[in-house]
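Undergrad: whatever this is, show me its structure:
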Amino acid sequence: MSLRPETTRQVDALVADAQVAGHVPSLILGVVRDGTLAHVATAGSHPAPDADLQFRIGSITKTMTAVLIMQERDAGRLALDDPLRRHLPEADAAGPVTLRQMLGHISGLQREPDGPWWERSDGVDLPTLLAGFSAAKIAHPPHRTFHYSNLAYALLGGALERITKTPWAQLLSERILDPLGMDRTTYAPTAPFAPGYVVHPWHDTLREEPRADTGAMAPAGQLWSTVADLARWAAFLAEPDPAVLAPETVDEMCVPMAMIDPDSWRAGPGLGLALHREGERVYTGHGGSMPGYLAVLEVHRPSRTGVVGFTNAYSFRSGGLGTLGRQLLTQVLDAEPTPARPWRPVDAPPPADVAALTGRWWWMGLPLDVTWDASTGDLLGTMPGDPVSRFVPQGPDRWRAVSGEENGEVLAVLRDDNGTPVALDIATFVFTRSPDDAP
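TA: Just a heads-up that it's a prediction; the model follows:
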């Protein structure tokens with residue numbers, strides 16, 4: 001889906017202004033809609049950016065490491081509440097810290113490994129990283145509060161290697177990059193790529209940064225990618241390919257584990273994904289930084305719209321690339337709301353036994369409207385002010401909710417002696433056809 005000319009003009013102007021105000025050599029942002037890269041806006045010429053130019057994606061790498069962990073969970077080879085030491089015995093000092101806590105940055109593990117700054121130095125291997133692990137790496141008790149940890153993601157990558165007996169980079173290629181056609185997302189830079197810089201704050205000269213191989217820390221931030229490739233990743237997060245990860249598992253990853261800002265509730269970590277509230281919308285994604293580079297990935301999943309982008313500077317003087325990405329995404333969604341899907345009549349009515357369940361039911365004077373989804377065969381239950389609950393059939397007179405207010409609960413159909421449905425029992429709340437029936 002392409003953007004309207006006026007929207008593209010506004011996007012281009014926003015990016016051009018941001019490059020000037022931010023003092024960044026090159027800036028590129030892409031808008032993703034309905035699974036495709038709908039528009040690319042660029043500014044700067046050092047080098048001139050395009051959709052095939054590689055930049056470092058930094059911590060956006062973590063979103064892919066998290067998907068690998070969830071693949072293993074869905075396959076039954078680990079549980080999210082496994083302690084880390086079950087899979088990495090050398091990390092026994094982590095005590096009861098779990099994989100779930102590490103994914104959600106509530107493990108209490110310190111932010112960085114010991115030694116020189118890992119992002120700017122060639123990294124050590126996993127045995128060396130684990131040899132330096134001790135109880136001193138616990139910054140505070142787990143599950144108390146949000147505390148971002150690069151170290152946690154290095155250890156999650158190590159756990160993946162132990163469980164699968166496959167190097168993390170190979171696992172990533174086989175399980176994610178190859179299936180999604182992300183052939184310009186690589187472990188090391190592959191030309192053409194943008195050099196990364198630090199921009200001097202007083203005289204605007206450039207200092208090129210080293211491009212380190214981070215070793216065992218790679219699962220936290222090693223990867224390089226392009227706007228075209230990162231758009232494919234944004235499209236996956238918006239509408240997951242079940243061959244890579246089940247859509248319901250991606251939904252699970254988008255549930256907040258904590259609040260970064262408990263006073264305002266505007267941001268929080270999910271399972272490997274960052275969540276930001278902008279007005280009444282919630283954006284899913286992650287930011288990224290490595291010496292000389294900043295990256296952004298923001299997706300509005302309900303509308304299948306996203307923004308991805310890069311700059312090749314370590315600072316962004318006008319407020320940050322993440323802020324710009326969310327501003328641009330909001331601008332696109334405000335200018336071009338997702339069009340409503342046209343209503344179409346159903347070719348045939350539901351089976352008689354299902355049709356008998358549709359209509360209005362009552363509990364304590366409150367209405368429950370039950371409708372039928374012809375495309376799936378499910379029942380939809382709606383009560384005033386509540387999300388719609390979707391019920392899937394589970395056997396005679398038994399339906400289980402898979403989403404909405406009643407998610408997980410069973411709807412049991414109660415019948416009279418003639419076999420006519422007279423009530424719906426949802427988790428002991430009995431709905432009848434009359435608002436006057438006593439509870």
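Undergrad: backbone torsions only: list them for Leu324.
TA: The phi/psi pair for Leu324 (degrees, to the nearest 10) reads phi -60, psi -40.
Undergrad: ok, it - contacts?
TA: 14-15, 18, 22, 29, 296, 309, 316, 318 (Cβ atoms under 8 Å, 6 or more residues apart in numbering). For the C-beta atoms, the positions are set from N, CA and C on the backbone; glycine is no exception.
Undergrad: show me which of the residues you listed are buried.
TA: 14-15, 18, 22, 29, 296, 309, 316 (16 or more other Cβ atoms under 10 Å).
Undergrad: and which of those residues is nearest to Gly157?
TA: Distance to Gly157 across those (Cβ to Cβ) is lowest for Val296, with 22.5 Å.
Undergrad: on that earlier part again, need the contacts of Leu324 in TSV with pLDDT, distance to Ile57 and secondary structure, can you?
TA: Compiled in TSV, these are given as follows (pLDDT from 0 to 100; distance: Cβ to Cβ, whole Å; DSSP: H, G, I helix; E, B strand; the rest coil):
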residue	pLDDT	distance to Ile57	secondary structure
Leu14	97	22	helix
Val15	98	18	helix
Ala18	96	19	helix
Gly22	96	18	helix
Leu29	98	14	strand
Val296	98	9	strand
Gly309	98	10	strand
Phe316	94	16	coil
Ser318	84	21	coil
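Undergrad: as CSV, these with distance to Leu3 would be great.
TA: Compiled in CSV, those are given as follows (distance: Cβ to Cβ, whole Å):
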residue, distance to Leu3
Leu14, 13
Val15, 13
Ala18, 18
Gly22, 23
Leu29, 13
Val296, 18
Gly309, 15
Phe316, 24
Ser318, 23
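Undergrad: how long is stretch 76-95 from one end to the other?
TA: 23 Å (Cα to Cα, to the nearest Å).
Undergrad: what about it, distance to the chain center?
TA: Offset of stretch 76-95 from its chain centre (Cα atoms, centre = their mean, to the nearest Å): 23 Å.
Undergrad: can you show me the strands along the stretch 51-200 of the chain?
TA: 55-56, 197-199 (DSSP state E, counting those that start in this stretch).
Undergrad: closest one to Lys137 among the ones you listed?
TA: Taking the strands of the stretch 51-200 of the chain one by one with Cβ to Cβ, strand 55-56 is closest: 25.6 Å.
Undergrad: partners of the closest one, with directions?
TA: With DSSP bridges as the test, strand 55-56 is paired with strand 224-225 (antiparallel).
Undergrad: tell me where the stretch 251-400 of the chain has helices.
TA: Along the stretch 251-400 of the chain, counting by DSSP state H, counting those that start in this stretch, helices occupy 321-335, 352-355.
Undergrad: contacts for the shortest one next, please.
TA: It stands for helix 352-355. By Cβ under 8 Å, 6+ apart, helix 352-355 touches 349, 372, 377, 379.
Undergrad: 10 Å instead?
TA: 349, 370, 372, 377-379, 393, 396-397, 399, 413, 419, 421 (Cβ atoms under 10 Å, 6 or more residues apart in numbering).
Undergrad: for it, buried residues please.
TA: Here helix 352-355 shows Val354 as buried, counting by 16+ other Cβ under 10 Å.
Undergrad: so for it, what's the average pLDDT?
TA: Mean pLDDT, computed over helix 352-355, is 95.
Undergrad: dump it to CSV, keeping only the CA atoms.
TA: Provided in CSV are the C-alpha atoms of helix 352-355 (Å, rounded to 0.1, in the frame of the first residue of the first chain):
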residue,chain,number,x,y,z
ALA,A,352,-29.2,-24.7,13.5
ASP,A,353,-27.5,-25.7,16.8
VAL,A,354,-25.2,-22.7,16.5
ALA,A,355,-27.9,-20.3,15.4
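Undergrad: against Gly181, how distant is Ile57?
TA: Noted for Ile57: a distance of 17 Å to Gly181, by Cβ to Cβ, to the nearest Å.
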